[in-house]
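**Student:** based on what follows, work out the 3D shape:
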Amino acid sequence: MQMFQGRAKMATAILLAAILSGGLTSTAVNAQTSDFTTSSKLLLTGGITNIEGSAGGGLTPWAVIGGYGTRDQIGANAFFTNVRSQDYELRTGGALVGIYDRVELSFAQQKFDTRQVGGLLGLGNGYTFTQKIYGAKVKVAGDAVLEQDSWLPQIAVGFQRKENNRGDLLRALGIKSDRGTDYTVSATKLFLAQSVLINGTVRFTKANQTGILGFGTATRDKYDAVFEGSVAWLLRKDLAVGAEFRQKPDHLPFKEDNWYDVFVAWAPTKNVSVTLAYANLGNIVIKDKQKGTYLSVQVGF
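**Tutor:** Numbering: from 1, shown residues only. So this is what the prediction gives:
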């Protein structure tokens, strides 16, 4: 437990140091407001916006900074995502700002609809959990696209502060807290010659079902280190296909399964992208083998 907490604190320290570093200041001094609308970034290399508001894949963050802003520009994205399985539905909306291809600030709000399962649990049909997520990410090394001659991937550290609106219920169920913070370290590399992008993320978290069911339990309240991975193949400049994996901690009395998806992302312009995925979410509360569709629309610059 102490090891994971120490790593989480170290990630926070790195994040704050990067924000305060002179590297960010030097690019900020040279930025012009006219640079908001022009960008040399390649289509889809900024990823889409994941279910927690950070740039990356649908399920996991990448080390890339969201938006199409380059090192002397500011970019932004807004998104809406719907994930629907046999028994549940998750709706997420939010926005992010990418500052000089160095810092990303994000906000997302999730609504998790229990549909008929809420009635079975005595909560009422359509009982909904709402979670707000405040995020930040800082690129600390490398460049996933431009440094093709280097083995070093782009590396970013970040955090996601999560606040759930059902604290009384969660505590009655033995959940430790309705608030928590995830810390992430991501590495992303684009191999242009092969048109392949690979990402790996380590997340330090106490979240139960990404925070929808709170954080920790009365008997187990510690950070776990879990792995998340993505691979994407750029079929052409505006179309990508890929797959993702997200390992889940397992604090709850019922099993919390890992998540998987396969996806296709299409960007007809730099301002719009659409992502469709098929997700396997495993057990969620009293319903097993949850599978369904993931649809996300993103607009930005």
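**Student:** check the gap between the residue of the chain most remote from its centre and A78 for me.
**Tutor:** For the chain, the residue at maximal distance from the C-alpha centroid (CA atoms, centre = their mean) is G122, at 31.5 Å. Distance of G122 to A78, computed by CB to CB, to the nearest Å: 37 Å. Every C-beta, even on glycine, is put in place using the N, C-alpha and C of the backbone.
**Student:** please apply the same query to W259.
**Tutor:** From W259 to A78 the distance is 24 Å (CB to CB).
**Student:** who has more neighbours out of these two?
**Tutor:** W259 (22 against 13; other CB atoms under 10 Å).
**Student:** pretty sure that one is touching R246, no?
**Tutor:** Yes - counting by CB atoms under 8 Å, W259 does reach R246; the two are 4.2 Å apart.
**Student:** so Q116: helix, strand or coil?
**Tutor:** The three-state assignment at Q116 reads helix, by DSSP: H, G, I helix; E, B strand; the rest coil.
**Student:** ok, for it, nearest residue in space, not its chain neighbours?
**Tutor:** Nearest residue to Q116 in three dimensions, chain neighbours excluded: N125, at 5.7 Å (CB to CB, 6 or more residues apart in numbering).
**Student:** okay, and the one you found sits in which element?
**Tutor:** N125 belongs to no helix or strand when assigned by DSSP states H and E.
**Student:** next one: S230
**Tutor:** Element membership for S230, per DSSP H and E: strand 224-236.
**Student:** list the buried ones in the next helix or strand after that strand?
**Tutor:** Using DSSP H and E, the helix or strand that follows strand 224-236 in sequence is strand 239-246. Residues 240, 242, 244-246 are the ones in strand 239-246 that count as buried (16 or more other CB atoms under 10 Å).
**Student:** where does the protein have its least confident helix or strand?
**Tutor:** Least confident helix or strand, the chain: helix 22-30 with a mean of 32, by mean pLDDT, DSSP states H and E.
**Student:** identify, from the buried residues of strand 239-246, the entry nearest to F107.
**Tutor:** R246 (20.9 Å; CB to CB).
**Student:** from what I can see the closest one touches P61, true?
**Tutor:** No - R246 is beyond contact range of P61, at 10.4 Å (criterion: CB under 8 Å).
**Student:** quickly list what's touching both of those two.
**Tutor:** Shared contacts of R246 and P61 (CB atoms under 8 Å, 6 or more residues apart in numbering): E228.
**Student:** before we move on, the earlier item: tell me how far the residue farthest from the centre of the chain lies from A207.
**Tutor:** 24 Å.
**Student:** overlap in contacts of W259 and R246?
**Tutor:** L59.
**Student:** quick one: the residue farthest from the centre of the chain from G292, how far?
**Tutor:** Noted for G122: a distance of 24 Å to G292, by CB to CB.
**Student:** and G98, what is it in contact with?
**Tutor:** 46, 55, 65-69, 74-77, 104.
**Student:** and those, which is closest to G229?
**Tutor:** For those, with G229 as the reference and CB to CB as the criterion, the closest is A55, at 16.0 Å.
**Student:** ok, for the closest one, nearest residue in space, not its chain neighbours?
**Tutor:** In this structure, A55 finds its nearest non-sequential neighbour in G66, 3.2 Å apart by CB to CB, 6+ apart.
**Student:** separation between the one you found and L173?
**Tutor:** Distance of G66 to L173, given as CB to CB: 35 Å.
**Student:** which one of those two has more residues nearby?
**Tutor:** Using other CB under 10 Å as the criterion, G66 and L173 rank with G66 on top: 31 against 15.
**Student:** so the more buried one is in contact with S54, correct?
**Tutor:** Yes - between G66 and S54 there is a contact at 7.3 Å, judged by CB under 8 Å.
**Student:** so what sits against both of those two?
**Tutor:** Contacts common to G66 and S54, judged by CB under 8 Å, 6+ apart, are 96, 104, 106.
**Student:** who wins on neighbours among these?
**Tutor:** Within these, E104 tops the neighbour count with 29 neighbours, counted by other CB under 10 Å.
**Student:** tell me the contacts of it?
**Tutor:** Neighbouring residues of E104 by CB under 8 Å, 6+ apart: 54-55, 65-67, 96-98, 135-138, 158.
**Student:** strands - which of those residues land there?
**Tutor:** Assigned to strands by DSSP state E, the following of the contacts of E104 qualify: 55, 96-98, 135-138, 158.
**Student:** the residues you listed, buried ones only, as a PyMOL selection?
**Tutor:** Selecting only the buried entries of those in PyMOL, with 16+ other CB under 10 Å as the criterion:
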select buried, resi 55+96+97+98+135+136+137+138+158
